[in-house]
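Enquirer: Okay, sequence plus prediction incoming.
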Amino acid sequence: MSKEKPSIPKGTRDFGPAVVVKRNYIFSIIRSTFQKFGYLPLETPAMEQLSVLTGKYGDEGDQLIFKILNSGDYLGKTTPADIEQGSKHLIRKISEKALRYDLTVPFARFVVMNRNEITFPFKRYQIQPVWRADRPQKGRYREFYQCDADVVGTNSLLCEAEIVQMIDEVLTTLGLTDFTIKINHRGVLAGIAEAIGEKGREGDICVAIDKLDKIGKEGVRKELLERGISEDAVSKLEPLYTLEGNNQELLQQLQTILGNTEEGQRGLKDLNDVWSYLDNLSSNALTTANPSGNPRLQLDVTLARGLSYYTGCIFEVKVNNVSMGSISGGGRYDNLTGMFGLPGVSGVGFSFGVDRIYDVLEELDLFPVSAQLSTKVLIVQFDKESELYALPLLQKLRDAGISSELYPEAAKLKKQMGYADQKNIPFVLLVGSEEMESGKVKLRDMQTGEQDELYIDDIIAQLKDIA
RNA sequence: GUGGUUGUAGCUCAGUUGGUUAGAGCACCAGAUUGUGAUUCUGGGGGUCGUGGGUUCGAGACCCAUCUUCCACCCCA
C-alpha cells in the first residue's frame, strides 16, 4: 500500500461542523418558507438514466452532465468501430446513468411516472445536491445544493406571484436588505424579436442582450451582428436597453412597442397579472425599496435565461453590492413533461443556490450568533467523584432542553476550559469538592468571566430565560 | 471546452542570478500556575517544497507532463 496524500475531486468541498451548522440555518429558513406556502418535500435519486437528462439543457448543458460508467466490463460490448465513431456515439454504449444536473428535470420525470397518484396542482419542494462538470470558480462548484420549489398542473399566474413572495420572504428572513428580483417573460423577448423584424431569433438576441451589463451596448451590438441580426434590427433594439420609469410605466411602454405581436401580448398580459396578484397580496417585493430607492421586484427586458425549457415568466435574483452571480433563478415551462410523454402540464418553479447564499451571508457577516452555537453548557469535572455527582445535573439540564455536555474525563482545568472556549460554549459549570459540599455549583459566563454559585434549578431557570 | 494563474509546516506566507542543515507569524503540545479559557513568559514537536519525469557536479527555484487553486471567456446556482 503506497501512502498517498488524500484529496477530493476538483470543485467539491468538505463541510466542517461550523459550516454545516450555518448551512442548516439557511436550509431551515428555506424549508419552513416553502412549507408555509403549501409545498411538500420530495427526494429523488442522485443518479438518473442518462436518457432522462440529455437534451433538456441544450448542447452546452449536455456536456456538463457527469456520466457514470456502466458497471463491470463497460467496454465489453463495444467494438473498435464504436470508438472510431467518436465520444458522442461511444457514451451511449458505455454509460447509461448520470448524476442529476438540476432538480427540475427529475421532478418532471417523477410527475410523469406518478401522474395517476398525484393530485394536481402539485406543489413540491426539493433540497438536494446537484452536479455539473463545469470549471470551478468563485461561487461555482461541481457539487452544490439547490433548493427548488415547483408547482405543476396549473397555468395560474398566482404561482409566479407566490414565487416572488417566497424569494422575498426567505431573503428578508436571512437578513438581506439589498437585493433585486428580476422578472421577464419569454413572450416579451419573442415579441421584441418580432417587432424589430427578426421573428424567431430571440434565442440569439437573448444570449447577446444578457451580456449587456458586462460588455456594454457596443459589445452587444457587435455580438448581435456576428450572430446575423440585421443592422436595422439592432438599431431598433437598442432603445429598449434604456427604458426608463417604474415597473408600470415600463409595461405601458412595452405595450406600444409590442402591441401588435402575439407573443408580446401574451407576455405583457402575464406580467400584468403577476403584478395584479402581488398588488392584492400587498407584497413587500412591491412596497419595500432597496437602498437604491427601487422596489425589489423589477421588470428587466434584458433578462434572458439559458435553460431552453422556459416558455413563460422568468426570474433571476441578484444580491446588490456583492461579488456574486445570481443566487436564485427560475421560470415557467409549459412542456417539460411533454418530453416524457405527458403533454399539457404546465409548471413553474425556481431554485435557491444555497452555496452562493452562504458565501453572500458570510461576506456580509449576516449569520446570527444563534446559528453558530452548538452546546450551551459544559460541565467541568475534577475527579471520579465529581463526575458521578455531575451526571444527574447533566441529565437535568438536558431534560430541560438545554444542550449540554460533560467533559468526559478529569483533564486539567486549563484543557477543559479551553475546550469550551474553542467550541464557543457560552457557559461552564464547575463541579468539584467545594460544590458537592455546598450543593451549589459554580456557573461561569465565558463571555464576561463572571461566576455565580447557584443551585442547579436556578441555573436551569436562568439559562432557559436566555434561550 | 478556450486562455491565464496558483501550490513551501495545521493556517497565512517569505525563500536573492540554481549552491551547506528550507525560514517567520499564527495555531498546536508541554511547563511557569496541583480549582479557571481567550492576555504574558519559557521550551518543544511538525515539511520526501502538490505529484511524476527531465536538465545539472548540485533543483524549493529551470524545462516537460499531470493534479489542484483562483480568474476571465463559454455557460450558470
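Expert: Ah, there it is. Numbers count the residues shown, from 1 in each chain, chains lettered A, B, ... in the order given.
Enquirer: Downstream of the helix or strand of chain A with the lowest mean pLDDT, the next helix or strand is which one?
Expert: Here the helix or strand of chain A ranked lowest by mean pLDDT, DSSP states H and E is helix A:80-84, holding a mean of 77. The element immediately downstream of helix A:80-84 (helix or strand, assigned by DSSP states H and E) is helix A:87-94.
Enquirer: what about that next one, near RNA strand B?
Expert: No - against RNA strand B, helix A:87-94 shows no contacts by Cβ under 7 Å from any atom of the strand, the least distance being 9.9 Å. Glycine gets a C-beta too; all of them are placed from N, C-alpha and C.
Enquirer: Which secondary structure elements does that helix sit against?
Expert: helix A:80-84 (3 or more Cβ pairs under 8 Å, 6 or more residues apart in numbering; DSSP states H and E).
Enquirer: where's the helix it packs on relative to the chain centroid, distance-wise?
Expert: 42 Å (Cα atoms, centre = their mean, to the nearest Å).
Enquirer: Pop out the phi and psi values for the nearest residue to A:Met446 once chain neighbours are set aside.
Expert: Excluding the flanking residues, the one nearest A:Met446 by Cβ to Cβ, 6 or more residues apart in numbering is A:Pro426, at 5.6 Å. Backbone torsions for A:Pro426, taken as degrees, to the nearest 10, come to phi -80, psi -20.
Enquirer: likewise A:Thr302?
Expert: According to degrees, to the nearest 10, A:Thr302 has phi -90, psi 0.
Enquirer: quick one: contacts for it?
Expert: Residues near A:Thr302 by Cβ atoms under 8 Å, 6 or more residues apart in numbering: A:184, A:209-210, A:212, A:240-241.
Enquirer: again, 6 Å this time
Expert: A:Thr302 makes contact with A:209, A:212 under the criterion Cβ atoms under 6 Å, 6 or more residues apart in numbering.
Enquirer: show me where the stretch 201-350 of chain A has strands.
Expert: Under the criterion DSSP state E, counting those that start in this stretch, strands of the stretch 201-350 of chain A are mapped to A:297-299, A:313-319, A:328-333, A:347-353.
Enquirer: Likewise for the stretch 1-150 of chain A?
Expert: Under the criterion DSSP E, counting those that start in this stretch, the stretch 1-150 of chain A contains strands at A:40-41, A:47-49, A:67-69, A:95-99, A:122-131, A:143-152.
Enquirer: Ok, which of these comes nearest RNA strand B?
Expert: strand A:143-152 (3.9 Å; Cβ to the nearest atom of the strand).
Enquirer: next one: that closest one to chain centre, how far?
Expert: Between the centre of strand A:143-152 and the centre of its chain there are 7 Å (Cα atoms, centre = their mean).
Enquirer: need the residues of the stretch 151-300 of chain A near RNA strand B, please.
Expert: Residues of the stretch 151-300 of chain A lying near RNA strand B (Cβ under 7 Å from any atom of the strand): A:207, A:211, A:214.
Enquirer: Put together a markdown table for the residues you listed, with distance to A:Pro106 and pLDDT on each row.
Expert: Converted to a markdown table, these look like this (distance: Cβ to Cβ, whole Å; pLDDT from 0 to 100):
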| residue | distance to A:Pro106 | pLDDT |
| --- | --- | --- |
| A:Val207 | 26 | 82 |
| A:Lys211 | 30 | 82 |
| A:Lys214 | 32 | 80 |
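Enquirer: Mind checking which of the residues you listed are in helices?
Expert: Those of those mapping onto helices are A:207, A:214, per DSSP state H.
Enquirer: just curious, which of the residues of the stretch 151-300 of chain A next to RNA strand B is nearest to A:Lys415?
Expert: Taking Cβ to Cβ as the measure, A:Lys415 lies nearest A:Lys214 of those, at 54.1 Å.
Enquirer: can you pull the pLDDT of the closest residue to A:Arg135 other than its chain neighbours?
Expert: Leaving out its chain neighbours, the residue that sits closest to A:Arg135 by Cβ to Cβ, 6+ apart is A:Gly11, at 7.9 Å. pLDDT recorded at A:Gly11 is 91.
Enquirer: I appreciate the help and will end here.
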